[in-house]
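Participant: Sequence and predicted structure, then a few things I'm wondering about:
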Amino acid sequence: MKQKFISLTGLFVLCMSVLAFAPSCKKDSQVKAPANHTINRAVTNSTNAQKFIAYFVTDGRNPTYKLTDIPDGVDIVVLFVVKLPNYIDTIKYPASGGYIGAYKSYGAFYGDIKKLQARGIKVIQNIDDEASWQTTKPAGYASASAYALKMKQVLLDQLHLDGITLDVEHSGAAPSPIPAFPAYNKIGYYGWYSSSMAANANYINCIKEMTKYFGTTASNELEIASGLDCYAWNNIASNFVNNFTYFGVQSYDGNSTRTQLMNNYATGTNKIPSAKMVYGHNAETGSSQSDAVDIAKWTPTQGQKGGVFVYAFNSDPTGYGAAVLAAVKGK
């Protein structure tokens, strides 16, 4: 996630991500998650009332706040910072470290995930895009199909999560030539987010392989958190508008006037139903709370939006998080 269009997770996580996705990490020295054959992972119906999506940052910020402290009313929890390779190699990436700083063991972490799901709250995994998606060997796997299959085996078959969300904003090759950018009054942005990357044919194929196991045709969640100013946004939308359950926009610095411009573009140019559009807020930027509440209450001219998400909900769950949750639920 980017704050003021700069990655929130900072240099530490960006650097560690390179190590985490190296092919040498793909060992199966995996602590087994508890089996759960009763969870219904039905896809979210985007025509329902607005959803509230809470990002739980797992690096240990606000360490006494656990997944089980997530309040009623939250519909989906995104596990952010912890990554696919951490689940695959729990020896190399032990709990209490930078990725699972909030928990002393993976067992306790998995147990709390199951408790959330038992309450009817979906739990999904964040997946960062990366430059290797622009190649035929994403994340160091032999192919895009092998990469997507590993996600399915670990996140669905083993951990019984409810899907994934793609954090689309990271660096790679830009499009060539760089296309003209729409006027602000058409999109709500002033220009491209230059640190993002193009969704080339390999990148699109990578997501296509994921849709075999995630999204509307797989009866689980496939979401995106990005910006309309990211190079990849338009190509992802044009290829997968029917596959994604929600399209999340990092509208951290905006108000409802600006998000209406964003919604105009998403529903008009991208042909995304308003009911799939989700607008994001950052709980670690307290000054944005009033605008976040305003956006939560706002109804686009194109019809009810899909909902809102709050990044780092666990950083301020009883202040910022609670205020936006109450607003989106009409309380």
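Facilitator: Received, thanks.
Participant: mind listing the helices for the stretch 51-200 of the chain?
Facilitator: Using DSSP state H, counting those that start in this stretch, the helices found in the stretch 51-200 of the chain span residues 84-88, 106-118, 144-151, 184-187.
Participant: Point out the most buried one among those.
Facilitator: Ranked by mean neighbour count, the helices of the stretch 51-200 of the chain are led by helix 84-88 with a mean of 22 (mean count of other CB atoms under 10 Å). The C-beta positions use only the backbone N, C-alpha and C, and glycine is treated the same way.
Participant: A312 reaches T58, doesn't it?
Facilitator: No. Using CB atoms under 8 Å, A312 makes no contact with T58, being 10.8 Å away.
Participant: who's more crowded, these two?
Facilitator: More neighbours surround A312 than the other of A312 and T58, with 27 against 23 (other CB atoms under 10 Å).
Participant: could you check the angle helix 144-151 makes with the helix or strand harbouring C206?
Facilitator: Applying DSSP states H and E as the criterion places C206 in helix 201-210. Relative orientation of helix 201-210 and helix 144-151, computed by axes from the mean of the first three to the mean of the last three CA atoms, to 10 degrees: 40 degrees.
Participant: sorry, back to before: would CSV of the helices of the stretch 51-200 of the chain with distance to Y193 be doable?
Facilitator: Listed next are the helices of the stretch 51-200 of the chain as CSV, based on distance: least, CB to CB, whole Å:
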stretch, distance to Y193
helix 84-88, 24
helix 106-118, 32
helix 144-151, 24
helix 184-187, 12
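Participant: can I get these in JSON lines with distance to A292 and mean pLDDT?
Facilitator: Listed next are the helices of the stretch 51-200 of the chain as JSON lines, based on distance: least, CB to CB, whole Å; pLDDT from 0 to 100:
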{"stretch": "helix 84-88", "distance to A292": "30", "mean pLDDT": "97"}
{"stretch": "helix 106-118", "distance to A292": "23", "mean pLDDT": "98"}
{"stretch": "helix 144-151", "distance to A292": "31", "mean pLDDT": "98"}
{"stretch": "helix 184-187", "distance to A292": "20", "mean pLDDT": "98"}
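Participant: right, and these - which one's nearest V74?
Facilitator: Nearest to V74, of all these, is helix 106-118, at 8.6 Å by CB to CB.
Participant: So which elements touch the closest one?
Facilitator: Packing partners of helix 106-118 (3 or more CB pairs under 8 Å, 6 or more residues apart in numbering; DSSP states H and E): strand 122-128.
Participant: Name every strand pairing with the strand it packs on and say which way it goes.
Facilitator: Strand pairing for strand 122-128, determined by DSSP bridges: strand 76-80 (parallel), strand 163-167 (parallel).
Participant: Could you export these as a markdown table, including mean neighbour count, mean pLDDT and distance to T135?
Facilitator: Shown next, in a markdown table, are the strands paired with strand 122-128 (neighbours: other CB atoms under 10 Å; pLDDT from 0 to 100; distance: least, CB to CB, whole Å):
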| stretch | mean neighbour count | mean pLDDT | distance to T135 |
| --- | --- | --- | --- |
| strand 76-80 | 25 | 98 | 25 |
| strand 163-167 | 25 | 98 | 17 |
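Participant: now those as JSON lines including distance to D157?
Facilitator: As requested, the strands paired with strand 122-128 are arranged in JSON lines below (distance: least, CB to CB, whole Å):
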{"stretch": "strand 76-80", "distance to D157": "17"}
{"stretch": "strand 163-167", "distance to D157": "13"}
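Participant: With respect to A237, which of those strands lies nearest?
Facilitator: strand 163-167 (12.2 Å).
Participant: Pull the residues that contact the closest one.
Facilitator: Contacts to strand 163-167, defined as CB atoms under 8 Å, 6 or more residues apart in numbering, come from residues 1, 41, 78, 80, 122, 124-129, 151, 155, 207, 210, 214-215, 220-226, 245, 248.
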